[in-house]
Each structure stands twice: as C-alpha cells, then as structure tokens.
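Chemist: I would like the atomic coordinates for the input below:
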Amino acid sequence: MSVLEVGEGLAASSGAVSVRAGEGERYDAQALQRVLALAAELQGRPGDTYSAREVEAIGVESGLEPAAVRQALARVAADPLPGLRRSREREFRSLLAVLAAGPVWAGLSWGLAQWFAATYCNSRPLEIACTFAMVFLPPLLSLGQGFALKRRAPTLVAATWLAFCLAPAFGWWMWTGEGAAQFWAWLDGLLYLLLGAHILGLTGLLGAVARRYYFPEPETHGPEALEEPACALHS
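Modeler: Predicted coordinates for the structure are as follows:
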C-alpha cells in the first residue's frame, strides 16, 4: 500500500482539509518543527509498515482530524489496490482485442486460399498474397500485438493463438487440389502451429520489449501486494 493511495483517501474523506506546499507558502517556527520531525520519522523507516494507530497519529501530526484519518483508512481497506485493479482491467480488454485479431486474420487467409483454389492454383498474384498473409505478415502482426500488450505472458498467449488460428488455413492452402484436409495437410498445419508459435512468440516479445523501452511506465504494485495488510503503508 503506498502513501499516495492513503493520501488520496485522506483528501477525499476530510473534505475541508486542503494541504498545499509550494514556493509561495510560508511556515511559522512551530509548523516547521512539526514538518521536520514528521519527515525525520518517515525517513527513518524506509520500507516499513504502519499500524492504524500510527497512521492516525501521523495524520494528527499533519493537522488532520482523527475521524478523517480513520475514514480514509476504512476506504483504503475496502479497496486496497484500485490502481492495480484498473490496470489489470485495461490489460484484459487489450488482450481480448488482440486475441480477436487471430480469427479475423485466419478468415482473411482462408478466403485468399479458397480464391487461389478457385483459379486452379494458376494465379501467381494470389499465391504471393497467400504467402504474405500466412508466412511473412503474421510475425509483423505478432510484433504489434506484443507492443500493445507489453507483458510477457499475454504476448505469448496471443502469439500461440494466432498460430493456432492460421494453422488449418496454412495446411489446406499447401495441399489445395492435392488432397487438402488429408493427412499431409494436417501434418503441415501441425508443423506450422509448433514452429509458428515459437517464431510469433519471439517477435511478440520483441514488441513488448520495445514498448517498455520506448514508453516506460512507473512501477506499480505487483500481485504480491495483495498479501499485505489493508492498513499497511510503505514509506
């Protein structure tokens, strides 16, 4: 639990309390002594946790009403990690959107393969289009998916799902007019799934790494933070 979250709760619950610190503010000797004492106490306890009584005492030292501090603690205890929850919800929606690209791209590839078969496999442009749709473009698509998801596990799931969706279309296309949907077509599809999942996974991870490098985000609480007591505060 971060001090910022409790600070937001304190501000929301106290209502009439307004804490501002800027270059234009002036402090008397008593306020200065109180601020320095509180800062020294917080600095001396890096990474420590605080009980509800200690949080209340710190709030009183900061000029807040005890009732406002207790109300803020109750709100934080009821929803200890709102930022993490919102982040996970956004990631889940992004994952669903990315996963939807697999069936859509597979449908497009299957349509090209059917069109190619309708020409009795004599259309060079359609053959090139099928090659790009099922061989060259999926790694680029996976790269974009990893960039959008930015995390390892969802990226690998999306890459495997994309390979799984494209595998039947690839096997059917490779054996169009020569026993499509027979043993060798299924074998090619299986090989495409196994090899494609690894290649797409690597390109997806490259996208995720690029996203984290070029668009870094501030560190957030990991899942282990859920194990902390509701009233615990890290300095």
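Chemist: going forward, measure contacts and count neighbours with C-alpha atoms only.
Modeler: Fine.
Chemist: For the residue positioned nearest the centre of the chain, which non-adjacent residue is spatially closest?
Modeler: Nearest to the mean C-alpha position of the chain, by Cα atoms, centre = their mean, lies residue 91 at 4.1 Å. Distances taken as Cα to Cα, 6 or more residues apart in numbering put residue 149 closest to residue 91, at 6.9 Å, once the chain neighbours are dropped.
Chemist: Based on its surroundings, how many neighbours for residue 135?
Modeler: A count of nearby residues for residue 135, using other Cα atoms under 10 Å, gives 14.
Chemist: Using the three-state scheme, assign it.
Modeler: Three-state assignment for residue 135 (DSSP: H, G, I helix; E, B strand; the rest coil): helix.
Chemist: List the contacts of the residue nearest to residue 91.
Modeler: Going by Cα atoms under 8 Å, 6 or more residues apart in numbering, residue 149 touches 91, 94, 95, 155, 208.
Chemist: And the strand or helix carrying the first one, how far out from the chain middle?
Modeler: Just to be clear, that refers to residue 91. In the assignment (DSSP states H and E), residue 91 maps to helix 82-118. Mean C-alpha position of helix 82-118 versus that of the full chain (Cα atoms, centre = their mean, to the nearest Å) differs by 16 Å.
Chemist: same check, this time on stretch 117-124
Modeler: 43 Å.
Chemist: Kindly check the end-to-end length of it for me.
Modeler: 12 Å (Cα to Cα, to the nearest Å).
Chemist: mean confidence score for it?
Modeler: Taken as a whole, stretch 117-124 has a mean pLDDT of 85.
Chemist: residue farthest from the centroid of the chain?
Modeler: Distance to centre of the chain, Cα atoms, centre = their mean, peaks at residue 29 (47.2 Å).
Chemist: Please spell out which residues along stretch 153-165 are buried.
Modeler: By neighbour count with 16 or more other Cα atoms under 10 Å, stretch 153-165 contains the buried residues 154, 155, 156, 158, 159, 160, 161, 162, 163, 164, 165.
Chemist: Tell me which of those residues fall in helices.
Modeler: Among the buried residues of stretch 153-165, DSSP state H puts 154, 155, 156, 158, 159, 160, 161, 162, 163, 164, 165 in helices.
Chemist: burial count for the nearest residue to residue 112 once chain neighbours are set aside?
Modeler: Closest residue to residue 112 apart from its sequence neighbours, by Cα to Cα, 6+ apart: residue 130 at 6.0 Å. As a burial measure, residue 130 scores 25 neighbours (other Cα under 10 Å).
Chemist: any idea which element residue 130 lies in?
Modeler: With DSSP H and E as the criterion, residue 130 is inside helix 124-131.
Chemist: that older thread, and the residue nearest to residue 112, what does it touch?
Modeler: By Cα under 8 Å, 6+ apart, the neighbours of residue 130 are 109, 112, 113.
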